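Participant: here's my sequence, what's the structure:
(chains A and B)
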Amino acid sequence: MAKNIVVRWGGEESALPFSKVEREKLYGKKDRIVVDEQGRTCSSAWLTADGSALVLSGGTAHVNVDDKWTAYEQEERRAVDLEGHPLETKPSTLGVAQELVEASVDRMLDCTTSVVYQLEIDTIGPALLAALGAGKILEAPFLYRDGLTPDAVFLLKNDEGVFALVGRPTGFDFVRREALPEPETAEQEDELDADLDFSMM
Amino acid sequence: MPRLITIADAKKRDAQIQLDSSKRAEPVRWVSKSGGAPIHLERLIKTTDRCSYEALLAKHGSPEALSKALIEGDPEVEIEQVGRRLGHATRVHVGPGGQVLYAARVLQVVTAPDGSEKSRGDFVDVEATVGEELPPILWTGRLMPATDVVRRFVFVRKVQLRHVNGLTFDFLYEMAKSLHDEKKMLLVGAGPKGQAPLIFQTNGSPFRGFLEGRVDGEAYRLVLHLSNLELKRVAVPKAATDGGAA
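Facilitator: Below is the predicted model:
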């Protein structure tokens, strides 16, 4: 059974079943397909550089290997930063109550949304529903599966219902005018004060 | 190399400015837990067209004969190819009979939300509407409160607008300040009336754009928020509440 987004607001816990909102479910989709001369749908494949093999869709696999070509399973590896320091893997937040905090519109605009989920109003606790109904945007950490950096999930309500938007900060900074170098005039004599020699030109 | 676009302000003056994408997450490397050996991903060949069910069925004549061959040996494994690095392979199209196509026709199929096919026709390239040499993104004057915008649209991509010289600093600072003072976001678009979607590359995704500006003393932050999705409910059966991958 799928786990829920579990959040706590005002001491009240809500377990929220969720379903993904996608473009194709709202608007349909446009696909590019390739057909042969008879109009029959064709598939794509890879032809190896030496021409010895034609690899159909699904005919490849990604494997974690070291320089000696020893293969490793996912659980046999760990993440490190560029200096080699270990990075902590955090567990999925699904099914685990996360404390909600109020977020500003600016905070939400500072994040790029990667996934949108729709929530069912009848599963939301009264205190949380009241806060969302009052126009509050609430935020909690979110990791769909175990990972290194949690995203942020924003809960908000509009005329259509209640939604959870998963986002990650853009990291955009304020930008300033770059200062031009100061003209070196302090201790230099003004060239225009000196006699201008036109004969050299 | 920075990407340049042209944008116009409320006074209909246009200028070329720079676009910056979001910062990437901190780089991560993977090492083995046992010895700390650096690990990387390799794409390897698992099976080839000669080992597909159809190919094996054609070779052995019947499902029964194929079953027998599978029990007695490994006809589904092409030992010379399995485990090879895919490397710089060439993308090709394969017909229903497994033959490589030398001439192909690309179609665009439009499907409704219920999965029914709405139309089918030859695919035509859709040109970019935003770029260095293209007409400017127009200041439409259509301002919307940010509190409403975040409840109506999903911003799936964002780019920061940055100046390229002192003159464009003033140009963008003024745009950011006017939006900051209004506490509103500006709907922007391409085309002569600013109503066409923003497309940043040929056959790229079309977006609606909202410009948001903030100032902090002598600094500014002007961000173009891009949306291709409204915050609307999708009709789903009660039982189907599986979240799907994030």
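Participant: okay, and the spatially closest residue to B:P75 that is not a sequence neighbour sits in which element?
Facilitator: Leaving aside its chain neighbours, B:P75 sits nearest to B:A69 (5.0 Å; criterion: CB to CB, 6 or more residues apart in numbering or on different chains). Glycine gets a C-beta too; all of them are placed from N, C-alpha and C. Assessed by DSSP states H and E, B:A69 sits inside helix B:63-72.
Participant: OK, contacts around B:P27?
Facilitator: Each residue near B:P27 by CB atoms under 8 Å, 6 or more residues apart in numbering or on different chains is listed here: A:81-82.
Participant: what helix or strand does the spatially closest residue to B:L70 that is not a sequence neighbour sit in?
Facilitator: Leaving aside its sequence neighbours, B:L70 sits nearest to B:E76 (CB to CB, 6+ apart; 6.7 Å). According to DSSP H and E, B:E76 maps onto no helix or strand at all.
Participant: circling back to that earlier point, off-centre distance for the helix holding B:A69?
Facilitator: Distance of helix B:63-72 from the chain centroid (CA atoms, centre = their mean, to the nearest Å) equals 44 Å.
Participant: now for it, which elements pack on it?
Facilitator: helix B:53-60 (3 or more CB pairs under 8 Å, 6 or more residues apart in numbering or on different chains; DSSP states H and E).
Participant: what angle sits between the helix it packs on and helix B:63-72?
Facilitator: 100 degrees (axes from the mean of the first three to the mean of the last three CA atoms, to 10 degrees).
Participant: anything in helix B:53-60 near chain A?
Facilitator: No: Helix B:53-60 does not reach chain A (CB under 8 Å from any CB of the partner chain); its nearest approach is 9.6 Å.
Participant: tell me what that helix is packed against?
Facilitator: Helix B:53-60 packs on helix B:63-72, going by 3+ CB pairs under 8 Å, 6+ apart.
Participant: can you list contacts of the helix it packs on?
Facilitator: Applying CB under 8 Å, 6+ apart, the contact partners of helix B:63-72 are B:56-57, B:60, B:75-76.
Participant: next helix or strand past it?
Facilitator: strand B:90-94.
Participant: and stretch A:95-106, C-alpha only, in CSV?
Facilitator: Listed next in CSV are the C-alpha coordinates belonging to stretch A:95-106 (Å, rounded to 0.1, in the frame of the first residue of the first chain):
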residue,chain,number,x,y,z
GLY,A,95,4.7,7.9,6.3
VAL,A,96,6.7,9.9,8.9
ALA,A,97,5.1,12.9,10.5
GLN,A,98,6.8,16.1,9.4
GLU,A,99,6.3,19.4,11.3
LEU,A,100,4.8,22.1,9.1
VAL,A,101,5.9,25.7,9.3
GLU,A,102,4.3,28.7,7.7
ALA,A,103,6.1,29.8,4.5
SER,A,104,5.9,33.1,2.7
VAL,A,105,5.0,33.6,-1.0
ASP,A,106,8.6,34.7,-1.6
